[in-house]
Every structure is written in structure tokens, then in C-alpha cells.
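Asks: Model the structure of this input:
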Amino acid sequence: MKPKDEEMAIFWCSLLEPVLFGEVAEKETNQFLKKLAQEERRFPNGVTKKPSLSSLKRKLKKYRQAGFNALERKPRADRGKSRAHSQELIDKAIDIKRDQPLRSDETINQFLKTGHGKTIPKSTLYRHLRQADATKVKLDVVQTPVRRRWSRDHTHELWIGDFEEGPFCLFEGAVVRTHLCAFIDCHSRYLVEGRYYYRQNLDILIDSLLRAWPVHGHSAEIYVDNAKVFHANAFKAALYALHIHLIHRKPGDPSPGGLIERIFGTAQSQFEAEVRLGNILTLDELNRAFSAWLEMSYHRKPHSETNQPPKVRYETGLKVIRPVDMQAVIPYFMTRVERSVHKDFSDVQLDGRFYRVDKRLRRDRVEVRFDPYAAADTVLIYSRAGVYLGKGTLHHRETGESAAPAQARGKPKYDYLGLLVHEHEKELRAKSQGIDYRKAVAERRWPFTAFAKALAQLLGKKGDLTAFSTQELESLQKFFGRNPQLTQSQLLDAFERAAEKILPYILYECENPPRNRKE
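Replies: Numbering: from 1, shown residues only. This is a model prediction of the structure:
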């Protein structure tokens with residue numbers, strides 16, 4: 001029995017209850033029904049009216065003959081058939097649809113009007129098409145893919161990232177809109193990085209990743225939408241260097257981004273709603289509160305899809321850690337510009353500042369690489385072919401001496417090679433559940449072939465091991481064995497200090513950095 005029929009049957013039984021259960025004598029039944037027919041009642045459909053005597057007698061008879069189920073309404077004999085349109089017209093419409101499944105109701109009605117002089121309303125037409133299995137879905141011409149729930153078997157197999165508008169904050173006396181940049185682990189639904197910023201551009205994306213990678217390592221894949229920032233060459237180059245598969249959302253297909261959209265919705269309803277009810281915050285206060293909400297609430301409550309707290313699922317699903325060498329990654333995010341070295345001052349100019357370079361590069365066209373988010377007292381100089389030529393040091397042309405690093409003005413900027421990396425290491429100790437990433441990274445020995453290749457490039461030689469003679473390789477192998485902790489950064493510094501750019505001087509500087517020398 002359908003719910004509506006059941007509700008109506010209960011209504012009739014409630015009216016007839018005194019008769020059904022013997023509270024009214026049989027000889028008084030007719031008098032009781034007549035009296036009942038004179039009283040207004042509110043029917044289940046909301047209409048208030050008097051039940052007819054004939055209806056009361058008919059319902060009583062059905063109940064006594066076949067019980068409660070007999071009060072169910074009988075379907076019409078012509079149920080499913082149109083009373084306003086002939087079956088011939090409907091059959092013709094179905095045939096037209098089967099002939100070309102992509103035809104719309106307007107096209108079908110044009111055929112009907114031409115051939116029969118009549119049309120069928122859209123809702124009626126599609127009801128009959130569904131009954132005849134003549135829709136696009138039934139005729140198998142729908143191109144919409146069948147969805148599956150996005151998930152991965154282990155932690156850090158896939159991160160999903162995006163931006164979302166956040167609440168307003170105070171900034172230099174003004175009220176400014178913030179933007180939440182977040183990356184969520186697909187397997188655990190754990191937010192590996194989430195922070196509010198005043199903008200949503202490449203430098204914010206870089207900052208977010210450079211905070212996440214030292215703490216968690218990198219993921220095997222990253223899924224983002226088609227925003228311009230996610231197509232930046234610096235972003236792609238860094239991911240390729242780490243062998244991270246970058247997946248862009250297909251145009252016009254927003255469904256797979258639902259995981260990150262859901263965490264944004266949760267943050268808006270649970271966290272940002274509270275922020276908007278209180279006093280307006282600064283950006284630092286907003287991010288501290290957001291971090292507290294993540295750790296104390298979101299990460300500890302069972303997720304409705306996984307039925308596990310994100311933090312617990314993150315830890316149990318952690319099978320592989322992929323450490324990131326931050327010193328190797330940061331250069332991919334550097335800005336690169338071409339400049340000519342001044343013939344008299346032996347320097348290059350950037351934003352009104354001058355950086356002195358090797359005097360042998362005067363008149364040369366070089367590529368200047370610099371971190372736009374860190375202290376701007378030095379830049380890296382490369383040839384147009386990509387060969388490292390040394391550093392450029394900030395100086396004043398008037399004095400010809402090196403100038404002190406410029407003082408930071410306005411809002412402080414992050415130094416990714418210093419202050420920011422140090423902050424990441426502190427987060428690492430607090431969040432890595434006992435795993436010492438720094439030690440793990442430090443124990444990874446720099447391969448001898450990579451050392452030889454870097455040295456060959458500094459000397460302007462092609463190849464790696466093949467760039468040196470047998471005698472030179474033997475000397476290099478002995479040197480490398482004595483210095484197992486040598487890094488690429490230390491080699492570059494030694495190359496800068498070497499009085500002459502030849503092997504003995506460079507290796508001497510590697511083994512005898514200034515801090516180890518006796519005054």
C-alpha cells in the first residue's frame with residue numbers, strides 16, 4: 001500500500017472505529033453513520049468537508065469483507081495512458097525520438113504539428129518517453145561519465161589543492177578580504193597545509209607548498225583546477241623535478257574537486273562562522289585560530305565518508321615518506337631575467353639596485369636568478385646557456401663597495417633559506433610523530449656522480465665522470481670519501497672563494513671553509 005493510500009485508509013478506520021470494535025450496536029450502525037456524515041472532518045489531503053454517507057457505508061463494507069488492505073484505492077483502468085492525447089499521437093512521438101535520440105521536445109512537436117496538427121506538452125511527452133524507454137539515457141547516447149568516489153589507498157598518494165575566499169581581516173588600518181589556500185590528502189582527508197593570505201597568486205601557492213613539503217614530504221600526485229596560477233612554469237618545473245604527477249581538472253567537469261570544496265564548506269560553517277561573530281582579527285590571529293581549529297576539531301572528529309578521524313587515518317595510511325631537498329627545489333621558484341653587465345661598473349641592475357659581478361663578465365649578456373620573497377642582497381648569475389657563473393652582490397656605485405643588505409620595509413617577507421625553513425623544521429618535530437626528517441635527509445649521501453657532474457659544470461666542462469681524466473677521478477674519489485657530508489651548496493661556496501677556478505683550489509676551499517681556519 002502506498003503511503004498516501006495508507007494514510008487515507010487510517011483516516012476511514014478512525015472514523016469507523018466505534019463500529020469496527022463493537023462500541024455501536026448493529027441496529028444503531030446506520031443512525032451512527034448518518035450522524036457521522038453530518039460532521040465536518042479534515043481529510044489527509046488538507047480539505048475540510050463532510051464525509052458522504054455512501055462513502056462511509058462502502059468503506060465499512062470493504063473493511064468487514066477483506067480487512068484493512070481492502071481500503072487501498074484501486075488504480076484507474078487507463079492508468080499510464082493519456083486521456084488528452086491519442087495513443088496514435090504518443091506512439092508517433094516515441095517513434096520520432098527513437099529515430100534520432102538527440103531530438104528535443106520542440107523538434108518532436110514540430111513533426112507532430114505538421115503530421116497531426118497537434119502537440120504534446122513537454123512534461124507529458126517526457127513522461128511517456130520514459131515509460132517507453134525512449135530517453136537519451138535509455139537509448140545509450142548520454143556522454144556524461146559514470147562517477148566514482150575519489151580516494152587513494154595510502155597517505156600522500158594524492159593531494160588536492162585550491163583557493164577559496166575567506167573572512168575580512170585588518171591590514172595596515174584597512175579591512176581586507178583574505179583567501180584560504182589549502183592542500184588536502186585524498187586518502188585521509190587530512191589538511192596537510194592550510195593558511196589564509198591576502199592574495200591568491202603564485203607566490204602564495206609557493207609559500208603554501210614550501211610549508212607543506214618539509215613537514216610531510218611530497219605526494220605522488222597533485223590535483224588542481226585550471227586557474228592561471230596552477231599553470232605557472234615555476235610550479236610545473238618544481239613538480240617535475242620532484243617527480244610529482246600534476247593533474248588538472250578537465251574544463252567543464254567540476255565534480256572531482258568536491259573533496260577540497262567540502263573542507264572549504266566545513267571551514268566556513270564551523271570556523272569562519274565563529275570568526276565573523278567575534279571581533280575582527282589580524283591575519284596572524286586568524287591563522288593561529290585556524291590552526292587550533294584544525295588540530296583540536298577537524299582532524300580529531302570522524303569523517304562522514306571514511307568513518308575515521310583524519311589524523312588517525314593519516315597516520316595509519318602512511319606507508320611511504322618522500323623527503324624534499326628544499327635547497328634543490330627553491331631555485332625552480334626563482335625569478336629569471338636577462339641583463340647586460342655594465343662595461344664600466346661590472347654590475348647588473350634590478351629594480352633600481354646594482355649587483356656587482358665578476359669583472360670578466362663585463363659587456364656579457366647574462367641571466368640573473370633571484371628569490372623574490374627572500375632578502376635581496378645577493379643574486380645568482382648564469383650564462384644564457386644555463387652555466388653558473390657566480391653570485392652578484394648588492395653594492396653602491398658611488399663607493400664601489402659592497403652595501404649592507406637593505407632593511408625590510410612594510411610587512412616582513414619570508415626568507416625561505418633561513419627563517420621559513422627553520423620554522424618548517426620546528427613544525428616537523430612537532431607533527432612528524434617521532435620521524436626525524438632532517439636526520440633522514442642528512443643521512444642521504446650525495447652521489448659521487450652528481451658531485452662530479454656539478455663540479456664539471458662549474459669548470460665549464462661537458463659530461464660528468466667523462467669530463468675528468470683517470471688521475472683526476474682518482475683524486476676526486478679520495479676527496480669525496482674524506483668529505484661524506486659535502487653538499488652542493490658548500491661546493492658552490494667553495495667555488496666562489498677559490499682564488500683560481502681549478503681543482504686544487506676548489507677542493508682546498510671545500511675542506512677548509514673560513515669558519516675552520518685559524519686566524
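
Asks: Against Ile263, how distant is Phe290?
Replies: 12 Å (C-beta to C-beta, to the nearest Å). Yep, even glycine has a C-beta here, placed from its N, CA and C like the rest.

Asks: residue contacts, Ala132?
Replies: Ile94 (C-beta atoms under 8 Å, 6 or more residues apart in numbering).

Asks: pLDDT score for it?
Replies: Confidence at Ala132, expressed as pLDDT, is 86.

Asks: Export the strand ranked longest in the chain to PDB, keeping only CA atoms.
Replies: What stands out as the longest strand in the chain, according to DSSP state E, is strand 158-171. The C-alpha coordinates for strand 158-171 follow below in PDB (Å, rounded to 0.1, in the frame of the first residue of the first chain):
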ATOM      1  CA  LEU A 158      47.300  12.400  -3.900                       C
ATOM      2  CA  TRP A 159      47.000  15.900  -2.700                       C
ATOM      3  CA  ILE A 160      44.100  18.200  -3.800                       C
ATOM      4  CA  GLY A 161      44.700  22.000  -3.700                       C
ATOM      5  CA  ASP A 162      42.700  25.100  -4.300                       C
ATOM      6  CA  PHE A 163      41.900  28.700  -3.200                       C
ATOM      7  CA  GLU A 164      38.700  29.900  -1.500                       C
ATOM      8  CA  GLU A 165      37.600  33.400  -0.300                       C
ATOM      9  CA  GLY A 166      37.800  33.800   3.500                       C
ATOM     10  CA  PRO A 167      36.700  36.400   6.100                       C
ATOM     11  CA  PHE A 168      37.900  40.000   6.200                       C
ATOM     12  CA  CYS A 169      40.900  41.000   8.300                       C
ATOM     13  CA  LEU A 170      42.700  44.100   9.500                       C
ATOM     14  CA  PHE A 171      45.700  45.100   7.400                       C
END
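
Asks: any idea of the mean pLDDT in that strand?
Replies: For strand 158-171, mean pLDDT is 90.

Asks: Which elements pack onto that strand?
Replies: strand 174-185, strand 191-197, helix 202-216, strand 221-224, helix 258-266, helix 283-296 (3 or more C-beta pairs under 8 Å, 6 or more residues apart in numbering; DSSP states H and E).

Asks: So what angle separates the directions of the longest one and strand 174-185?
Replies: Okay, so that is helix 202-216. If you take axes from the mean of the first three to the mean of the last three C-alpha atoms, to 10 degrees, helix 202-216 sits at 40 degrees to strand 174-185.

Asks: List the buried residues for helix 202-216?
Replies: Residues of helix 202-216 classed as buried by neighbour count (16 or more other C-beta atoms under 10 Å): 202-216.

Asks: likewise the fifth one?
Replies: The neighbour-count criterion (16+ other C-beta under 10 Å) identifies Leu259, Ile260, Ile263, Phe264, Thr266 as the buried residues of helix 258-266.

Asks: List the contacts of the residue nearest to the last one when sequence neighbours are not counted.
Replies: Right, Thr266. Distances taken as C-beta to C-beta, 6 or more residues apart in numbering put Tyr298 closest to Thr266, at 6.8 Å, once the chain neighbours are dropped. Neighbour list for Tyr298: Leu191, Ile263, Thr266, Ala267, Gln270, Pro310 [criterion: C-beta under 8 Å, 6+ apart].

Asks: ok, now which ones touch the last one?
Replies: Residues in contact with Pro310, defined by C-beta under 8 Å, 6+ apart, are Asp185, Ser188, Arg189, Tyr190, Leu191, Tyr298, His299, His303.

Asks: Identify all residues paired with the first one through a beta bridge.
Replies: If I follow you right, that is Asp185. Per DSSP bridges, the residues bridged to Asp185 are Trp159.

Asks: re earlier: kindly reformat the buried residues of helix 258-266 as TSV and extend each row with distance to Gly22.
Replies: Formatted as TSV, the buried residues of helix 258-266 follow (distance: C-beta to C-beta, whole Å):
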residue	distance to Gly22
Leu259	63
Ile260	67
Ile263	64
Phe264	65
Thr266	59
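
Asks: Just the closest of the residues you listed to Ile244, please.
Replies: Of all the buried residues of helix 258-266, Ile260 has the smallest distance to Ile244: 17.0 Å, by C-beta to C-beta.

Asks: Pretty sure His303 sits against Arg313.
Replies: Yes - judged on C-beta atoms under 8 Å, His303 makes contact with Arg313 at a distance of 7.5 Å.

Asks: intersection of neighbour lists for the two?
Replies: Going by C-beta under 8 Å, 6+ apart, residues that sit against His303 and also against Arg313 are Arg189.

Asks: Relative to Glu17, how far out is Ala70?
Replies: Per C-beta to C-beta, Ala70 is found 16 Å from Glu17.

Asks: These two: who's more crowded?
Replies: Taking other C-beta atoms under 10 Å, Ala70 and Glu17 do not tie; Ala70 has more neighbours (14 against 11).

Asks: Would you mind listing where the stretch 351-500 of the chain has pLDDT under the threshold?
Replies: Counting by pLDDT under 70, the stretch 351-500 of the chain shows low-confidence ranges at 372-376, 399-445, 464.

Asks: quick one, what contacts Lys59?
Replies: Trp12, Leu16, Leu71.

Asks: would you say it is within a helix?
Replies: Yes - counting by DSSP: H, G, I helix; E, B strand; the rest coil, Lys59 falls inside a helix.

Asks: SS state for the residue nearest to Arg353 when sequence neighbours are not counted?
Replies: In space, Arg353 comes closest to Leu394 once its chain neighbours are excluded; the distance is 6.1 Å by C-beta to C-beta, 6+ apart. Classification of Leu394 by three-state DSSP places it in strand.

Asks: My read is that Leu394 contacts Tyr355, right?
Replies: Yes - counting by C-beta under 8 Å, Tyr355 is a contact partner of Leu394 at 5.7 Å.

Asks: shared neighbours of the two, anything?
Replies: Thr378.

Asks: what residues are up against the residue nearest in space to the middle of the chain?
Replies: Closest to where the C-alpha atoms of the chain average out (C-alpha atoms, centre = their mean) is Gly161, at 2.4 Å. The contact partners of Gly161, by C-beta under 8 Å, 6+ apart, come to Cys181, Ala182, Phe183, Ile184, Leu205, Ser208, Ile222, Tyr223, Val224, Phe230, Ile260.

Asks: would you list those in CSV and tack on pLDDT and distance to Val24?
Replies: Listed next are the contacts of Gly161 as CSV, based on pLDDT from 0 to 100; distance: C-beta to C-beta, whole Å:
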residue, pLDDT, distance to Val24
Cys181, 92, 76
Ala182, 93, 71
Phe183, 94, 74
Ile184, 94, 68
Leu205, 83, 81
Ser208, 87, 79
Ile222, 92, 77
Tyr223, 90, 72
Val224, 89, 75
Phe230, 84, 78
Ile260, 84, 67
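
Asks: Just send these back as CSV, with distance to Phe468 too.
Replies: Shown next, in CSV, are the contacts of Gly161 (distance: C-beta to C-beta, whole Å):
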residue, distance to Phe468
Cys181, 46
Ala182, 48
Phe183, 43
Ile184, 48
Leu205, 41
Ser208, 42
Ile222, 39
Tyr223, 44
Val224, 43
Phe230, 42
Ile260, 50
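
Asks: tell me which of those is nearest to Val379?
Replies: Nearest member of those to Val379, counting by C-beta to C-beta, is Leu205, at 22.7 Å.

Asks: Could you report the pLDDT at the nearest residue to that closest one once chain neighbours are set aside?
Replies: Leaving aside its chain neighbours, Leu205 sits nearest to Val229 (5.5 Å; criterion: C-beta to C-beta, 6+ apart). As predicted, Val229 sits at a pLDDT of 81.

Asks: Could you look up the SS state of Val229?
Replies: Applying three-state DSSP to Val229 yields a three-state assignment of helix.

Asks: Counting neighbours, which bits of the one helix or strand Val312 maps to end up buried?
Replies: Using DSSP states H and E, Val312 sits in helix 310-316. Within helix 310-316, the residues that count as buried by 16+ other C-beta under 10 Å are Pro310, Lys311, Val312, Arg313, Tyr314.

Asks: Quick check, the last one in contact with Ile184.
Replies: No - under the criterion of C-beta under 8 Å, Tyr314 is not in contact with Ile184, lying 10.6 Å apart.

Asks: If anything else comes up later, I'll come back, but that's it for now.
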